[in-house]
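Peer 1: Sequence plus predicted model, see below.
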2 protein chains.
Amino acid sequence: MIETMTTADWLAERNQALCCEVELVGLDELRSWEFRPGTHDLVHSSGQFFSVHGLDVRTGERRWKQLIIRQDEIGLLGILAKRFDGQLQFLMQAKVEPGNINRVQLSPTVQATRSNLTRVHRGEPTRYLDLFTAPGRGRVLVDQLQSEQGRCFYRKRNRNMIVLTTDEVERHENYRWFTLDELHQLLPVDNLLNMDARSVLSCLPLTELYEGRALHSTQDLMSWLNDIRMTNDVRAQLVGLCELGSWQPNPAELADDSFRLVGVRVHAIGREVGSWEQPMITPLRPHVIAFLTTHLDNAPHVLMHADVEPGTLNVAELGPTLDRAPDADEDGLLSHVLESKPLFDTVLSEEGGRFYHGVNRYLVAYTTDPAEPGPDYRWVSVRQLESLVGQGHHVNVQARTLLACARANLKL
Amino acid sequence: MIETMTTADWLAERNQALCCEVELVGLDELRSWEFRPGTHDLVHSSGQFFSVHGLDVRTGERRWKQLIIRQDEIGLLGILAKRFDGQLQFLMQAKVEPGNINRVQLSPTVQATRSNLTRVHRGEPTRYLDLFTAPGRGRVLVDQLQSEQGRCFYRKRNRNMIVLTTDEVERHENYRWFTLDELHQLLPVDNLLNMDARSVLSCLPLTELYEGRALHSTQDLMSWLNDIRMTNDVRAQLVGLCELGSWQPNPAELADDSFRLVGVRVHAIGREVGSWEQPMITPLRPHVIAFLTTHLDNAPHVLMHADVEPGTLNVAELGPTLDRAPDADEDGLLSHVLESKPLFDTVLSEEGGRFYHGVNRYLVAYTTDPAEPGPDYRWVSVRQLESLVGQGHHVNVQARTLLACARANLKL
């Protein structure tokens, strides 16, 4: 579809039309949220949405307690695709989320929690949802359950879908069709493609037919990952918030080592519900999240690290080469990344419905050094990484973002 | 390897040599087990092995509380393979488990919980374990995380491995090499191949190269399964045993709708630890667990049911055509199975380390009726089923048993 307005003009217009006033309030002041008697867990009065608990984590050597968000339901992140004059285009939504550091970001066509699906919050029905869920939907190109941040979420995952429709689609003003090339050109814009959009795009296999041999067989990679899953004794148990150290009844704010939990009061225009209140995660500081890439036997490879996170369903998933605060570099790996040839270097936001001003620096760098820095690292070909993403629950959300960014910028 | 003794003689001899005296005792009498103060959960005093809790389950329409076994760790089920004169053989162990309804059953080469791996119980090291876990192990043919009964276990899974070694392997008297054909001939023997052996064998892809087109594309099957996962709102929360109705402190026995929990005192010969005590699951009665099979477009297909179970990691997994008490047949499906041509009909045991006398009737039947009896059923080709098993967490343990049995008996 040929749009009459440039992307920049459309975004500027949407940034005018949509807005979201966000006011920070105490957790104890949140309307419809309460600290449940006894455990003091923070829950919505409907029992829906999500809840905040303590997590008691024991590994072989360490034990700690931390905050964790629980959201058992599987939400839907769907991008609608359609061919126009033979060319595949993707329908993206200009969406404001309360946690966004800016206003509008590009999100999937549909971004729906079960609460949206069942309309617990009594708002308007989610636009285009039927094209993903109704019988007779179009051809499903991607349909995978994928994890989200295992540091903050207890076993959260969403269903990532791309559906190719042949139906006529009426385009609402908040939506716009983009080719894959156009989306790749927008990825390096700071805080434009939102986390959900990056995750869904990463699930689209693009390099299946590429030549070049992977350094390790996929079977060897799975065994390496399963070795780590079997030997890392991570026992994570949900406990009441009152079991966290230094608990005070009805706190205005909660914090642990890596994030604070704050309350927000939201007034939005152009969303299903006009105003609401909710807790949000505020990371203590931005991380550098990086892929080191290289070519081995002509095949593009990425240096993956096996990340063990307490909320992960599968104990360990493949994560980026590194994901750390910018001053943490005991092993010199961050320096190595920063001294390598940069291919991509952009500040991107985490999901603005859960993270308040959660931004990280995403880096893709190119090295000619084929060393694996330790037993928890493996060079994985981009084609292998796509195939592991395709199986679900093997590649974490930070790495999926970087896969999308790397493919847009790496000579494949 | 050509064995000098027949399988029957070797089994008879092992049944003489190995034994296990099992005495039923009250749960409150179990040495080293205790009802934890407060929640009254039943735990081992080391904090290891497994523990027994309540599970509060809410679905869209129903809410109930039940018993559940929690075992967070990932155990190892490994079969060692080796070529003798070009022929692949598998090293199986004659093993007595306290819950076995008979004495010896054939188990994988290695069947180890983390407690075995780390030797919490201070017994002898697990034989052949290094061939699966040490650097320089042989070629890995299978390495998958697979679920166990989601009705009784909270998110339990084990690592299923087959490793092809070229090392010289000293054969201990409790172990014997079998070809795949020989194992297929032993599957129809009542209570001989144990659940773990069946599970590992089912993971070996055998029909990859077979012709014939599947009725549904694999993408369509995944979307059907993900639809069910997304729309079934199953919220399962671990709660203390004392939250189960009719709780009495320090009970000798616990029961819910489908199983009782009993205590056993075990004296074994030929195991890592000579004597111990533990709780075990006693199913209230045997189920009929069946695959209905047919050929569609020349490809063997199996009628799979999407099973939603409260302890399942992935909400729903592909289960058998049916799995029910023999008098439950409101929908007539059991009659349909029983009237179809029988290909396999054998009583097989569930895992004898957790289930006390847990046996079920496993049936594979052949029909020429290609109907799908409802929206939760799909015909899946055997080749597709193998590939879904290979991804892990998609096919439940009852269906994996039946896959192993069907392949041994169905004209592929």
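Peer 2: Happy to help now that I have it.

Peer 1: okay, CA-based contacts and neighbour counts for the rest of this
Peer 2: OK.

Peer 1: Which SSE is immediately downstream of the host helix or strand of A:V389?
Peer 2: Assessed by DSSP states H and E, A:V389 sits inside helix A:382-391. Sequence-wise, the next helix or strand downstream of helix A:382-391 (DSSP H and E) is helix A:397-409.

Peer 1: and the residue in the stretch 51-200 of chain A that chain B sits nearest to, how many neighbours?
Peer 2: Relative to chain B, the nearest point of the stretch 51-200 of chain A is A:I74 (5.4 Å; Cα to the nearest Cα). A count of nearby residues for A:I74, using other Cα atoms under 10 Å in any protein chain shown, gives 22.

Peer 1: List the residues that contact it.
Peer 2: By Cα atoms under 8 Å, 6 or more residues apart in numbering or on different chains, A:I74 lies in contact with A:113-114, A:156-159, B:229-230.

Peer 1: which residues touch the helix or strand containing A:D9?
Peer 2: Per DSSP H and E, A:D9 falls inside helix A:7-17. In this structure, residues lying in contact with helix A:7-17 by Cα under 8 Å, 6+ apart are A:94, A:103-104, A:174.

Peer 1: Neighbour-wise, which one of those residues leads?
Peer 2: Result: A:V104 is most packed of those (other Cα under 10 Å), 25 neighbours.

Peer 1: I'd assumed A:Q93 was in contact with that residue.
Peer 2: No: between A:V104 and A:Q93 there is no contact under Cα atoms under 8 Å: 9.2 Å.

Peer 1: quick one: the closest residue to A:L204 other than its chain neighbours from B:L388, how far?
Peer 2: Leaving aside its chain neighbours, A:L204 sits nearest to A:V142 (6.4 Å; criterion: Cα to Cα, 6 or more residues apart in numbering or on different chains). Computed as Cα to Cα, to the nearest Å, the A:V142 to B:L388 distance reads 16 Å.

Peer 1: Then A:R198?
Peer 2: 26 Å.

Peer 1: Neighbour count: the two, which is higher?
Peer 2: Just comparing A:R198 and B:L388: by other Cα under 10 Å the higher neighbour count belongs to A:R198, 24 against 20.

Peer 1: Does the helix or strand that one falls within reach chain B?
Peer 2: For A:R198, the host element (DSSP H and E) is helix A:195-202. No: judged by Cα under 8 Å from any Cα of the partner chain, helix A:195-202 and chain B are separated, with a smallest distance of 15.2 Å.

Peer 1: between the next helix or strand after that helix and helix A:382-391, how many degrees?
Peer 2: On the C-terminal side of helix A:195-202, the nearest following helix or strand under DSSP H and E is helix A:218-231. Here the directions of helix A:218-231 and helix A:382-391 differ by 50 degrees (axes from the mean of the first three to the mean of the last three Cα atoms, to 10 degrees).

Peer 1: Show the average pLDDT along helix A:218-231.
Peer 2: Mean pLDDT, computed over helix A:218-231, is 95.

Peer 1: List the buried residues of that helix.
Peer 2: A:218, A:221-231 (16 or more other Cα atoms under 10 Å in any protein chain shown).

Peer 1: Closest to A:I68 out of these?
Peer 2: A:R229 (21.0 Å; Cα to Cα).

Peer 1: Quick check: the gap between the closest one and chain B.
Peer 2: From A:R229 across to chain B, the span is 8 Å (Cα to the nearest Cα, to the nearest Å).

Peer 1: Just the CA trace of whichever strand or helix holds A:E182, in PDB.
Peer 2: Element membership for A:E182, per DSSP H and E: helix A:180-186. Output of helix A:180-186 as PDB, limited to C-alpha atoms (Å, rounded to 0.1, in the frame of the first residue of the first chain):
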ATOM      1  CA  LEU A 180      10.200  -5.100   6.100                       C
ATOM      2  CA  ASP A 181      12.900  -2.800   4.600                       C
ATOM      3  CA  GLU A 182      11.200   0.200   6.000                       C
ATOM      4  CA  LEU A 183      10.900  -1.400   9.500                       C
ATOM      5  CA  HIS A 184      14.600  -2.300   9.300                       C
ATOM      6  CA  GLN A 185      15.400   1.400   8.600                       C
ATOM      7  CA  LEU A 186      13.300   2.400  11.600                       C
END
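
Peer 1: Would you mark the buried spots in that helix?
Peer 2: For helix A:180-186, by 16+ other Cα under 10 Å, it's A:183-184, A:186.

Peer 1: now, the most widely separated pair of the contacts of helix A:7-17?
Peer 2: So, the contacts of helix A:7-17 by Cα to Cα: farthest apart are A:R103 and A:N174, at 13.2 Å.

Peer 1: Can you tell me which residues in the stretch 201-350 of chain A are near chain B?
Peer 2: A:219-220, A:222-223, A:226-227, A:229-230, A:233, A:235, A:313.

Peer 1: one more time with 7 Å, if that's ok
Peer 2: A:223, A:230, A:233, A:235 (Cα under 7 Å from any Cα of the partner chain).

Peer 1: which stretches of chain A have low pLDDT?
Peer 2: A:2, A:115, A:118-123, A:209, A:270-273, A:410-412 (pLDDT under 70).

Peer 1: how about a cut-off of 80?
Peer 2: When residues are selected by pLDDT under 80, those of chain A lie in A:1-3, A:60, A:114-124, A:207-211, A:233, A:246, A:269-273, A:409-412.

Peer 1: Next one: the residue nearest to A:V200 when sequence neighbours are not counted from B:Q111, what distance?
Peer 2: The spatial neighbour of A:V200 that comes closest, neighbours along the chain excluded (Cα to Cα, 6+ apart), is A:N160 at 5.4 Å. Distance from A:N160 to B:Q111, counting by Cα to Cα: 36 Å.

Peer 1: Which of these two has more residues huddled nearby?
Peer 2: A:N160 (27 against 23).

Peer 1: Identify the residues contacting the more buried one.
Peer 2: When the contact criterion is Cα atoms under 7 Å, 6 or more residues apart in numbering or on different chains, the partners of A:N160 are A:76-78, A:142-146, A:200.

Peer 1: Please identify the buried residues of the host helix or strand of it?
Peer 2: Applying DSSP H and E as the criterion places A:N160 in strand A:157-164. Neighbour-count burial for strand A:157-164 flags A:157-164 (criterion: 16+ other Cα under 10 Å).

Peer 1: same question, stretch A:42-54
Peer 2: Those buried within stretch A:42-54 under the rule 16+ other Cα under 10 Å are A:42-44, A:49-54.

Peer 1: How about stretch A:256-269?
Peer 2: Buried-residue list, stretch A:256-269, by 16+ other Cα under 10 Å: A:259-268.

Peer 1: what about A:T39, distance to A:M5?
Peer 2: Distance from A:T39 to A:M5, by Cα to Cα: 53 Å.

Peer 1: More neighbours: the two, which one.
Peer 2: The residue with more neighbours, out of A:T39 and A:M5, is A:T39; 14 against 9, by other Cα under 10 Å.

Peer 1: wouldn't that one be in contact with A:L241 here?
Peer 2: Yes: using Cα atoms under 7 Å, A:T39 is in contact with A:L241, at 6.1 Å.

Peer 1: May I ask you to confirm that A:T401 is in contact with A:D196?
Peer 2: No: using Cα under 7 Å, A:T401 is not in contact with A:D196; the gap is 9.0 Å.

Peer 1: quick revisit: what angle do the helix holding A:V389 and helix A:195-202 make?
Peer 2: Going by the same axes, to 10 degrees, helix A:382-391 makes 120 degrees with helix A:195-202.

Peer 1: so the residue nearest to A:L204 is in which element?
Peer 2: Using DSSP H and E, A:V142 falls in strand A:139-147.

Peer 1: Would you mind listing the buried residues in that strand?
Peer 2: Across strand A:139-147, burial judged by 16+ other Cα under 10 Å covers A:140-147.
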